[in-house]
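Trainee: Below is the sequence, then the predicted model.
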Amino acid sequence: MKSRFLRRGRLTAALTGCGVTAIVVAAVGGSTGALAATTPGYTLANVGAYGGEPSIASDSRGVLYDTTPSGGTITYRSSTAGKSWTQVTTADAASGDDCIDTDQSNAVYLCNLAGSEGVAPLQADVWKSVNQGASWSHGAGAIPQCATSCSPFGVDRDWVDASIPAGGTTNTAEVVLMYHDFYGPSQIWVNISHDGGATFGAPQEVLASPAVTPGAVTGTLVAQSYTFCNTVPAGVDIVKPGLPHAGRIYVAWIAADLAQNATGCNVSMLQSFHTMWVSYSDDNGATWTPQQAFDAGFGHDTSTPFVGFTLDNRGNPYFGFTVNANSNPATCSAESTAGTVQSDPSCEYDTYVVWSSDGAATWDGGGGLIPGSAAKAYRVNPVSETGTHFFPAIAAGDPGKVDVAYLRTTEILPTDPFGKADPGGCAGPGATGNPPTYPPTCQWNLYAAQSVNLSLGPSHATWAVTQITTTPMHIGDICNLGIACLAPSSNRNLLDFISETLDQHGCAHIAYSDDNTVNKLRAANQTSGPCIGHH
């Protein structure tokens with residue numbers, strides 16, 4: 001990761017007029033399964049001027065917030081279930097990586113990278129609004145003029161979550177800022193506030209302190225061997241009061257492995273990020289317990305470029321991700337070079353989910369190499385939906401009920417021997433420097449998938465898939481190599497992800513960028529089909 005997530009250049013884009021089609025599919029995970037009963041329907045709305053990688057959140061009343069880092073912390077609000085949007089006050093005119101969240105009082109929290117509040121380079125800030133974005137207050141760091149994070153190692157890809165403890169108010173909310181460092185070895189850090197985001201403590205490294213669960217010190221050493229040098233932060237969530245493990249802080253990330261650390265510490269993104277991790281704290285961040293969720297295996301890359309992470313309304317954790325899970329990396333690389341990879345669907349990136357119903361102790365029943373990790377993931381898209389699947393986003397309602405969004409092209413993206421996407425691989429054979437063996441220019445559409453029965457297990461859960469856009473929302477490459485994304489064939493117009501949330505009824509809302517014809521930030525709002533329970 002590293003500087004790959006710093007915002008560069010002028011972003012241009014356009015928006016399409018999109019219809020809605022639906023496809024109902026069988027269960028995945030290696031089984032045929034039964035058809036899902038009802039497929040959700042979506043309508044599209046323009047949010048505002050074009051911006052990349054939007055983050056979306058809902059408060060308890062269903063008021064939606066959508067923010068993009070393109071041009072500052074540009075933020076919009078909707079009180080109409082996403083049908084119409086109004087721009088709110090911009091907290092900071094300078095921005096890098098943004099995210100947005102709400103607490104139980106409906107206060108709004110905004111995270112921002114490389115803002116204007118501190119003099120130190122590459123720091124993160126937390127902003128808070130108690131009046132729906134009309135004004136914002138800044139979270140002070142441990143040292144003045146050092147931003148909220150105040151990290152000597154710099155910051156990259158920040159996330160934030162907030163929760164009001166039982167009997168408290170928004171002024172006593174616990175707020176957690178999570179990120180990995182930029183100048184150091186790419187460790188996972190948090191800054192924690194216990195006064196509603198007014199002030200934050202110093203950076204804490206989540207693998208540094210012994211954990212409180214039996215055997216977790218060993219677990220810390222195992223997690224460190226995988227994550228040293230190579231991480232991509234996935235998110236942070238706090239379990240709300242009244243639930244099992246109330247107050248538990250989860251941080252989540254993906255990593256490579258010990259052997260690949262020798263290839264460079266997270267600058268080139270050439271490693272295959274095949275392992276998914278959480279670390280959780282039950283004592284307000286004093287000690288941490290790491291746990292591997294899933295290992296897709298060397299050469300199977302989940303950094304496309306982000307995975308999605310969320311909790312359901314009982315505090316259970318979930319990952320949504322896209323990965324070339326069925327590929328032989330060497331074979332697929334050779335086929336990519338020869339121009340025959342389009343006939344080999346085992347080389348494609350597909351969409352998957354793993355989850356834990358017992359507080360992250362075991363994932364999908366366990367069985368993985370690291371005790372507690374999942375042996376098998378839920379495959380979301382059907383075998384018939386061939387091509388490349390990128391930009392996963394996930395939202396969970398009642399336990400075992402999830403909505404997953406992703407982008408898909410019918411072309412199979414060429415890959416290298418590490419299982420990484422070739423830069424410019426979707427730009428077409430006529431793009432500068434691209435070989436004639438590359439596939440036609442990729443046309444990407446937005447999809448959403450829903451399962452209401454993950455409790456049946458990876459081989460029997462069913463999925464209903466909706467193709468939301470029929471006019472492509474992006475044409476060309478989607479590069480996930482950051483500073484290795486070299487123009488003109490590599491393309492980062494969309495930046496690095498889309499985002500999904502549930503409203504107070506459990507209906508899905510997806511924030512995405514469309515740069516094909518209309519040049520807008522857009523939202524896809526669920527208007528029919530099952531809603532899966534409020535978040």
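Mentor: Cool, got the structure.

Trainee: quick one, helices of the stretch 301-450 of the chain?
Mentor: Residue ranges of the helices in the stretch 301-450 of the chain, as given by DSSP state H, counting those that start in this stretch, are 329-338.

Trainee: Would you state the strands of it in chain order?
Mentor: Taking DSSP state E, counting those that start in this stretch as the test, the strands found in the stretch 301-450 of the chain are 308-311, 317-323, 350-355, 378-379, 388-396, 402-409, 443-451.

Trainee: From residue 519, how far off is residue 513?
Mentor: Taking C-beta to C-beta, to the nearest Å as the measure, residue 513 falls 10 Å from residue 519. For glycine as for every other residue, the C-beta is placed from the backbone atoms N, C-alpha and C.

Trainee: Quick check: the residue positioned nearest the centre of the chain vs residue 260, distance?
Mentor: Closest residue to the average C-alpha location of the chain: residue 308 at 3.3 Å, with C-alpha atoms, centre = their mean. Using C-beta to C-beta, residue 308 is found at 23 Å from residue 260.

Trainee: Then residue 374?
Mentor: 21 Å.

Trainee: ok, those two, which is more surrounded?
Mentor: Neighbour tally, residue 374 and residue 260, criterion other C-beta atoms under 10 Å: the higher count belongs to residue 374, 26 against 19.

Trainee: residues contacting the more buried one?
Mentor: 293-294, 354, 363-368, 458 (C-beta atoms under 8 Å, 6 or more residues apart in numbering).

Trainee: Read off the pLDDT value for it.
Mentor: Here the pLDDT value assigned to residue 374 is 97.

Trainee: if I pick residue 79, what's in contact with it?
Mentor: Counted by C-beta under 8 Å, 6+ apart, residue 79 has contacts 62-63.

Trainee: ok, now with 7 Å
Mentor: residue 63 (C-beta atoms under 7 Å, 6 or more residues apart in numbering).

Trainee: what's the answer for residue 489, then?
Mentor: So residue 489 contacts 424, 427, 431-434, 477 (C-beta under 7 Å, 6+ apart).

Trainee: ok, of those, which come out buried?
Mentor: 424, 427, 431, 434, 477 (16 or more other C-beta atoms under 10 Å).

Trainee: so where do the helices sit in this structure?
Mentor: 216-227, 329-338 (DSSP state H).

Trainee: Which one of these lies nearest to residue 167?
Mentor: helix 216-227 (29.5 Å; C-beta to C-beta).

Trainee: between the helices of the chain, which one is nearest to residue 91?
Mentor: Nearest to residue 91, of the helices of the chain and by C-beta to C-beta, is helix 216-227 at 31.1 Å.

Trainee: burial count for the nearest residue to residue 347 once chain neighbours are set aside?
Mentor: Using C-beta to C-beta, 6 or more residues apart in numbering and skipping residues adjacent in sequence, the residue nearest residue 347 is residue 332, 3.7 Å away. By the criterion of other C-beta under 10 Å, residue 332 has 25 neighbours.

Trainee: ditto for residue 259
Mentor: With other C-beta under 10 Å as criterion, residue 259 counts 10.

Trainee: gap between it and residue 242?
Mentor: Distance from residue 259 to residue 242, by C-beta to C-beta: 44 Å.

Trainee: Tell me the buried residues within the contacts of residue 374.
Mentor: Judged by 16+ other C-beta under 10 Å, buried ones among the contacts of residue 374: 293-294, 354, 363-364, 368, 458.

Trainee: Now do the contacts for the residue nearest to the centre of the chain.
Mentor: 319-320, 392-394.

Trainee: Recalculate using a threshold of 6 Å.
Mentor: 320, 392-394 (C-beta atoms under 6 Å, 6 or more residues apart in numbering).

Trainee: Over to residue 320?
Mentor: 308, 353, 392, 394, 404.

Trainee: And those, which is closest to residue 278?
Mentor: For the contacts of residue 320, the nearest to residue 278 is residue 308 (13.3 Å; C-beta to C-beta).

Trainee: thinking residue 46 is in contact with residue 518, fair?
Mentor: No - shown here, residue 46 and residue 518 do not form a contact pair, counting by C-beta atoms under 6 Å, at 7.6 Å.

Trainee: returning to what we had before: could you export the contacts of residue 489 as a markdown table, including pLDDT?
Mentor: Shown next, in a markdown table, are the contacts of residue 489 (pLDDT from 0 to 100):
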| residue | pLDDT |
| --- | --- |
| 424 | 92 |
| 427 | 94 |
| 431 | 84 |
| 432 | 82 |
| 433 | 84 |
| 434 | 90 |
| 477 | 95 |
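
Trainee: Export the residues you listed to TSV and append columns for distance to residue 172.
Mentor: TSV is the format used below for those (distance: C-beta to C-beta, whole Å):
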residue	distance to residue 172
424	50
427	51
431	54
432	56
433	56
434	56
477	47
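
Trainee: which one of those residues sits closest to residue 96?
Mentor: Looking across the contacts of residue 489 and measuring by C-beta to C-beta, the closest to residue 96 is residue 477, at 22.2 Å.

Trainee: From residue 423, how far off is that closest one?
Mentor: From residue 477 to residue 423 the distance is 8 Å (C-beta to C-beta).

Trainee: ok, now residue 39?
Mentor: Taking C-beta to C-beta, one finds residue 39 at 35 Å from residue 423.

Trainee: Could you list the low-confidence segments of the chain?
Mentor: Flagging of the chain using pLDDT under 70 yields the residue ranges 1-37, 209-219, 261-269, 483-484, 535.

Trainee: if you set the cut-off to 80 instead, what comes out?
Mentor: 1-37, 208-222, 225, 228-229, 258-270, 481-488, 534-535 (pLDDT under 80).

Trainee: shouldn't residue 445 be in contact with residue 466?
Mentor: No - Residue 445 sits out of contact with residue 466 when judged by C-beta under 6 Å, with a separation of 10.7 Å.

Trainee: neighbour-wise, which of those two wins?
Mentor: residue 466 (25 against 21).

Trainee: What's opposite that one in the beta bridge?
Mentor: Counting by DSSP bridges, residue 466 is bridged to residue 22, residue 448.

Trainee: Going along the chain, name the strands of the stretch 151-300 of the chain.
Mentor: 156-163, 174-180, 188-193, 204-205, 231-238, 249-255, 275-281, 289-295.

Trainee: Which one, of the ones you listed, ends up nearest to residue 441?
Mentor: It is, among these and with distance given as C-beta to C-beta, strand 231-238, at 27.2 Å.

Trainee: List of residues touching the closest one?
Mentor: 1, 157, 159, 161, 163, 176, 178-180, 186, 249-255, 273, 303, 307, 309, 311.

Trainee: Next: stretch 274-292.
Mentor: 192, 204, 206, 209, 211-213, 216, 219-220, 223, 226, 248-255, 293-297, 300, 319, 360, 370, 372-373.

Trainee: now stretch 136-150
Mentor: So stretch 136-150 is contacted by 91, 117-120, 123-129, 155, 177, 191, 197, 199-200, 202 (C-beta under 6 Å, 6+ apart).

Trainee: try stretch 48-57
Mentor: Contacts of stretch 48-57 (C-beta under 6 Å, 6+ apart): 11, 13, 65-68, 70, 74, 76, 87, 98-102, 494-497, 499, 501, 509, 511, 513, 519-521.

Trainee: Just confirm residue 95 contacts residue 70, I think it does.
Mentor: No - judged on C-beta under 6 Å, residue 95 makes no contact with residue 70 at a distance of 7.9 Å.
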